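# model the following, please.
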Amino acid sequence: MTDVATRYWHSLDDGRVQCDLCPRACKMHEGQRGLCFIRACKDGRIILTSYGRSSGFCLDPVEKKPLNHFLPGTPVLSFGTAGCNLACKFCQNWDISKSRELDILADAASPEQLATAAHQYECSAVAFTYNDPVIFHEYAIDVAKACRKKNIRTIAVTAGYVCPEPRKEFYRHMDAANVDLKSFRDEFYRDYAGGRLGPVLDTLSYIRNETSVWLEITTLLIPGLNDSDQELTDLCNWIAGNLGADVPLHFSAFHPDWKLLDRPQTPPETLHRARNIAMSAGLNFVYTGNLHDPEGGTTYCKHCHAVLVVRDWYVIKSWRLDEQGNCPDCGTRCPGVYQGLPGSWGARRMPVRLS
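Numbers count the residues shown, from 1 in each chain. Sure, this is the predicted structure:
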């Protein structure tokens, strides 16, 4: 385990040190850790305690991130660390993100080893996922730099809870992001995620309007908490007005987990209703996830509404875009990042050991 010095912190008059990476602004005495668990105060500064260590590596489809418009059909090398800078009661990766045991970081890889492995396994990208890459900021950036030398892309799967200065540095090195927009109500973030909505909206606006990073959004719908018609309408109208109608939006089904076991699983009807609301708000690419719904996985041309891509879970069943990503019927480009025809990785999930 390697401790690495970090940049985003400052000393306080009372002897503590404040972490300036995310809006949580954890204030620590010597030897204490922030809520994320992997950033700590040591020798009067903030260090990253998990550099080069992972909870595991896996090859899986890019569609699982989920990204439907970024190098479709290709495998990505996915990994995470431990901890998280939010406290979501409904976390579905809680065994990793809520871990307070460094023993979970059983695998190790330098940035160069990760980039080499991704190249050897013919991956299109490396994905920082399972827990939020914001908290292992320095490691993620070094991995991205190593990957870029081998023409490997990098993907951030994130809640978007990060301060402006580190956000700018982080996304300078990313190629794609799926941001988890958990709700469009600040009360939800406060009561169920231990955060605030504003910084997440700022991150979404920054990625979309000030970077070249490909952006998609996921909202996990929890019955009775964030799935009302009004909230979904407000969320979709904000996306359309501030990010544009071409940003893909994924509505995902909740299942009871971690500390939110008193809510039922999301019924399919809720996801279908949410998708209809989003399309009525003018969003062009709206998908459903965590349930079998071929219609909710299909991509349509935003101009002529022709069927372009049919998916069955993570498998591409039909592909009609040309090699530039254009509709064969009307010539309108389907927004996204493509490299000719799609890959054929399918739904396979293959754990790998790098150390």
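# only C-alpha atoms from now on, for both contacts and neighbour counts.
Noted.
# got the phi/psi numbers for Pro351?
Backbone torsions for Pro351, taken as degrees, to the nearest 10, come to phi -60, psi 140.
# could you check how far it is from Leu77?
In this view, Pro351 and Leu77 are 9 Å apart by CA to CA, to the nearest Å.
# spit out the residues that contact the two alike.
Residues touching both Pro351 and Leu77 (CA atoms under 8 Å, 6 or more residues apart in numbering): Phe57, Cys58, Leu59.
# would you mind confirming that Lys302 is in contact with Gly331?
No. If you go by CA atoms under 8 Å, Lys302 and Gly331 don't touch, sitting 10.9 Å apart.
# list the buried ones in stretch 333-350?
Arg333, Cys334, Pro335, Gly336, Val337, Tyr338, Leu341, Pro342, Trp345, Gly346, Ala347 (16 or more other CA atoms under 10 Å).
# could you export those residues as TSV, including distance to Asp246?
Listed next are those as TSV, based on distance: CA to CA, whole Å:
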residue	distance to Asp246
Arg333	11
Cys334	9
Pro335	7
Gly336	9
Val337	13
Tyr338	15
Leu341	21
Pro342	20
Trp345	25
Gly346	25
Ala347	25
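# what's the burial count for Gln265?
Gln265 is flanked by 15 other residues according to other CA atoms under 10 Å.
# same question for Leu354.
Other residues close to Leu354 by other CA under 10 Å number 12.
# please apply the same query to Asp43.
10.
# wait, it sits on Glu30?
Yes. Taking CA under 8 Å as the definition, Asp43 is a contact partner of Glu30 at 6.9 Å.
# tell me how many other residues crowd Gly296.
Residues within reach of Gly296, counting by other CA under 10 Å, total 22.
# hang on, it in a strand?
No. Under DSSP: H, G, I helix; E, B strand; the rest coil, Gly296 falls outside any strand and is assigned helix.
# in the protein, where is pLDDT below threshold?
For the chain, residues meeting the criterion pLDDT under 70 lie at 1, 93-106, 355.
# quick one, helices of it?
For the chain, the helices defined by DSSP state H cover 94-97, 111-120, 137-149, 164-171, 186-188, 197-210, 229-242, 268-280.
# got a markdown table for those helices, with mean neighbour count and distance to Tyr51 too?
Shown next, in a markdown table, are these (neighbours: other CA atoms under 10 Å; distance: least, CA to CA, whole Å):
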| stretch | mean neighbour count | distance to Tyr51 |
| --- | --- | --- |
| helix 94-97 | 20 | 16 |
| helix 111-120 | 19 | 10 |
| helix 137-149 | 20 | 6 |
| helix 164-171 | 17 | 16 |
| helix 186-188 | 15 | 32 |
| helix 197-210 | 18 | 24 |
| helix 229-242 | 17 | 35 |
| helix 268-280 | 18 | 38 |
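# returning to that earlier point: next step: the shared contacts of Pro351 and Leu77 restricted to strands.
Those of these mapping onto strands are Phe57, Cys58, Leu59, per DSSP state E.
# do you know how far the residue lying closest to Glu63 once chain neighbours are set aside is from Tyr130?
Leaving aside its chain neighbours, Glu63 sits nearest to Tyr314 (5.8 Å; criterion: CA to CA, 6 or more residues apart in numbering). Distance, Tyr314 to Tyr130, using CA to CA: 18 Å.
# ditto for Arg349
As defined by CA to CA, Arg349 lies at a distance of 14 Å from Tyr130.
# same check, this time on Ser183
Ser183 sits 19 Å away from Tyr130, going by CA to CA.
# go on, Asn290?
Per CA to CA, Asn290 is found 16 Å from Tyr130.
# who has more neighbours out of those two?
The neighbour count for Asn290 versus Tyr130, taken as other CA under 10 Å, is higher for Tyr130 (24 against 16).
# before we move on, the earlier item: out of Lys302 and Gly331, which sits in the busier spot?
Lys302 (20 against 14).
# partner residues bridging the nearest residue to Asp132 once chain neighbours are set aside?
Excluding the flanking residues, the one nearest Asp132 by CA to CA, 6+ apart is Thr158, at 5.1 Å. Applying DSSP bridges to Thr158 gives these bridge partners: Val179.
# check Glu216 too.
Residues in a beta bridge with Glu216, per DSSP bridges, are Asn178.
# more crowded one of Pro351 and Leu77?
Neighbours around Pro351 and Leu77, counted as other CA under 10 Å, are more numerous at Leu77. The numbers are 29 against 12.
# need the helices of the chain in TSV with distance to Asn178, can you?
Formatted as TSV, these follow (distance: least, CA to CA, whole Å):
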stretch	distance to Asn178
helix 94-97	17
helix 111-120	20
helix 137-149	15
helix 164-171	12
helix 186-188	20
helix 197-210	10
helix 229-242	14
helix 268-280	18
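# if we can go back for a sec, isn't the residue nearest to Glu63 up against Gly343?
No. In this structure, Tyr314 is not within contact of Gly343 by CA under 8 Å, at 11.7 Å.
# could you pull out the strands for the stretch 251-355 of the chain?
Ranges of strands within the stretch 251-355 of the chain are 286-289, 299-300, 307-312, 315-319, 350-352, based on DSSP state E, counting those that start in this stretch.
# what lines up beside the first one in the sheet?
Looking at strand 286-289 with DSSP bridges, its paired strands and their directions are strand 249-253 (parallel).
# can you give me how far the strand it pairs with is from the chain middle?
Chain-centre distance of strand 249-253: 12 Å, with CA atoms, centre = their mean, to the nearest Å.
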